[in-house]
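Enquirer: generate coordinates for the sequence data below:
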Amino acid sequence: MKKYTGIISSLLVIGFLFTACERIDLEGIGELNKLELWYSPYTSDAAPLPEDCVLIDFVEKDLGISLTAVPLPTNKDEQAEVLLDAAKSNSLPDIFMVNRDVLTTLVRENYVTRVDGLYALMPERTLKMYDDTSIQAASFDGVCYGLSQSGSIDRNEGILIRKDWLDKLGLSIPVTLDDYYDVMKAFTFNDPDGNGRNDTYGYGAYVDIRAIEEGLGCRFAPFFGAFGVEGTFNSTKGNAGLNIHKPEYKQALEYIHRLSEDGLIDPRWTVHSKNSFREAWKSGKIGMMREQNAAFAMESNYKEFDERFPDAEWILIDPPVGPNGKSSVGAYATGYRTYAVSRRAQELGKMPIIAKFLEWLSTDGYITAAYGEEAVNYMIDDNGALTIEGLPDPKLAYTQKAAAPVLQLRNLVFYNGDDELAVRYPTWYSINGKEMSPLKLLRDMQGKPWTIAINNLPGISKDLKGFYEECVKDFVTGRRDLDTWESWLKEFDKHGGADWERRCIQYAEENALLLDDAKVSSKSKSKDKQKD
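Expert: The predicted structure follows:
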C-alpha cells in the first residue's frame, strides 16, 4: 500500500492547530500531564493492563505523562453504548478507540476534534502506521477526525477440522456441502472422541457480526460462500446489492437450518460469547469451525487444548463448494482500528501530549508495548534479536497467556510488517511434537478463496439491524418458518431494508467501488477432484 509520503510536509504548512501548542513545555504542567486512554484489549479473556506495569512506569518516567488506561468492552454494541453515554455526560476520555458508526455520531454532535494536525507531530508513527487510505477512512467532508491504523490482518481465518476424528472414523476431507454435512453428522453421532458419550458436535460457532458480514456473522460465512452470497453486500458491477435479497441467501439459510435442526451445530452458538466458543473447542467438543490463526495456533491459546488432547490434530481445509462450484471463506475488507480525541482534550491543550505519547509507542516504547519487559517477557540474544530463550520464568514469555495483561496495548503499536509478524507469531511444538506455526497458518489461510467487500458503506439503523439479525437467526433455529421468507423480506424492506440497499448501491457507484469480480481467487473444485 503506497504510503502517504506528502502528509507530513503539507500538514507542517497547514499547522492549523499546533502553532502555539508546540511551544508548551511538558515538564511541570500539572493536570495537562494526565492522559486517559480507553483502549480495545488485545486479548479479550485476559485481565486489563496493570496499573503498576512497566509500560505505565516508562510513560511516566520517559514522557512525564501519568497514563490511565481503561479497557473498552469487546462487544461492539456494548462498546458503542459506553462511548455514547460518556459523550452525553461530557466524560469522554482524552483518546479512545471507536468504530466508524459511533465516530459519525460523535462528529455530528461535536464531541470529538479534528486530528489532522497530529500527523506532523508524529513523523515516525505517521510513516509507519498511516497512509492516504487510512486517513480517508476516518474523514468527513475532507476533515480527519480519527487516527486510523491497520486493524486485524486481512484473511486471517479459515476452516479448521479435527483430522484425528476424520482418521478415527475413516472419513475423507470434505469438499462439497454434502461432504461437509456427512462429516458433521459423523462427528456428532459416531463418537469421534471415543468416550462412549454423545457429547460432540460437527460444527462450532457463535454470532460474530461485522459490518461487512451481517446476519449470522462471519462464523457461518463459508456456508453462504458456497452459494455466492457471503458478506452483507455484493460488490460486483453486475449483481450489486444486499445479499439478503438474493435467492441464494435463502438457500444458504436452508442448509444451515438443516444443520441446526439435525443437531450438528453446537446448540450454544446463539448464546456463545467469543470466549465461551473458544472454551468449547478447547474442551474437545467441536470437530469443525472457522477460527483465527493466532486464536488457534499461538502457544498461549492452543496450550489448554494441547494439554487435554495431546494426540489430537487440527488441519486447515478449503471452504465448502456449493452446487454451482462457488466457494469462499467469507468477505473481507481492509479494516482499520481508529482512535479519536475528545473535544475536551483539545480544549485543555492536550493534543501535543497525545502526539508525544503515540510517537513514543511507535519508537522507544514499541518493544515494551508489543512484547513486555526485558528479562521478564523476552530476552535479546547476541545478535540483537528478540527471543524467549533464557527467560528466568518461561511461563511469563510474551507468547504465553500469563503475559497477556501487560500486552493489552499491542493494538496501538502493531503495524503488521513481515519482520514484526515473524516475532509475533513464533513457531513452537505441541506435546506430540507437531510443528505449530501461526505465521504459516496465516499465509495458508490467505491462500484460500476469499471475497472482497466494500468498507464504510452507509450504516444500517439500530432498529433495522436488530430486526435483521434476530430474524435471520430465528429462521435458522426454526422459530420462524422459512416458507415465510419472501413475506418477511417485504417486511424487512418496509423497515428500511430497501432504502438501505439503495443508499449502499449509490455510495458504491459514486465512489467507483464496484468490481468486475469480487473474488480474490477462484478455486473451482468438483466432487470427484482428488482430495488431500
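Enquirer: residue 428 touches residue 300, doesn't it?
Expert: No - Residue 428 is not in contact with residue 300 according to CB atoms under 8 Å; the separation is 9.9 Å. Any C-beta I mention is one placed from the backbone N, CA and C, and that applies to glycine too.
Enquirer: now do the shared contacts for those two.
Expert: Common neighbours of residue 428 and residue 300, using CB atoms under 8 Å, 6 or more residues apart in numbering, are residue 399.
Enquirer: mind checking how far residue 302 is from residue 284?
Expert: From residue 302 over to residue 284 the distance is 13 Å, taken as CB to CB, to the nearest Å.
Enquirer: try residue 456
Expert: For residue 456, the distance to residue 284 equals 40 Å [CB to CB].
Enquirer: pretty sure residue 485 sits in a helix.
Expert: Yes - Residue 485 sits within a helix when classified using DSSP: H, G, I helix; E, B strand; the rest coil.
Enquirer: hang on, residue 46 in a strand?
Expert: No - read with three-state DSSP, residue 46 is coil and lies in no strand.
Enquirer: burial measure for it, as a count.
Expert: The tally of other residues near residue 46 (other CB atoms under 10 Å) stands at 18.
Enquirer: from the centre of the chain outward, give me the first residue you hit.
Expert: residue 152 (4.9 Å; CA atoms, centre = their mean).
Enquirer: where does it sit: helix, strand or coil?
Expert: coil.
Enquirer: now it: closest residue in space, sequence neighbours ignored.
Expert: Nearest non-adjacent residue to residue 152, counting by CB to CB, 6 or more residues apart in numbering: residue 335, 5.4 Å away.
Enquirer: mind pulling up the pLDDT for the one you found?
Expert: pLDDT recorded at residue 335 is 76.
Enquirer: same check on residue 9?
Expert: Taking residue 9 on its own, its pLDDT is 32.
Enquirer: residue 45 now?
Expert: 84.
Enquirer: what's the local residue count around the residue lying closest to it once chain neighbours are set aside?
Expert: Of all residues not flanking residue 45 in the chain, residue 275 sits nearest, at 4.6 Å (CB to CB, 6+ apart). Counted with other CB under 10 Å, the neighbours of residue 275 add up to 12.
Enquirer: which element, helix or strand, includes residue 275?
Expert: helix 274-282 (DSSP states H and E).
Enquirer: quick check: next helix or strand after that helix?
Expert: By DSSP H and E, the next helix or strand past helix 274-282 is strand 288-292.
Enquirer: and that following strand, what's its mean pLDDT?
Expert: Strand 288-292 comes out at a mean pLDDT of 98.
Enquirer: for it, packing partners?
Expert: strand 157-162, helix 177-189 (3 or more CB pairs under 8 Å, 6 or more residues apart in numbering; DSSP states H and E).
Enquirer: try it again at 10 Å.
Expert: strand 157-162, helix 177-189, helix 221-225, helix 274-282, strand 314-317, helix 438-446 (3 or more CB pairs under 10 Å, 6 or more residues apart in numbering; DSSP states H and E).
Enquirer: what's the closest of the ones you listed to residue 470?
Expert: helix 221-225 (17.8 Å; CB to CB).
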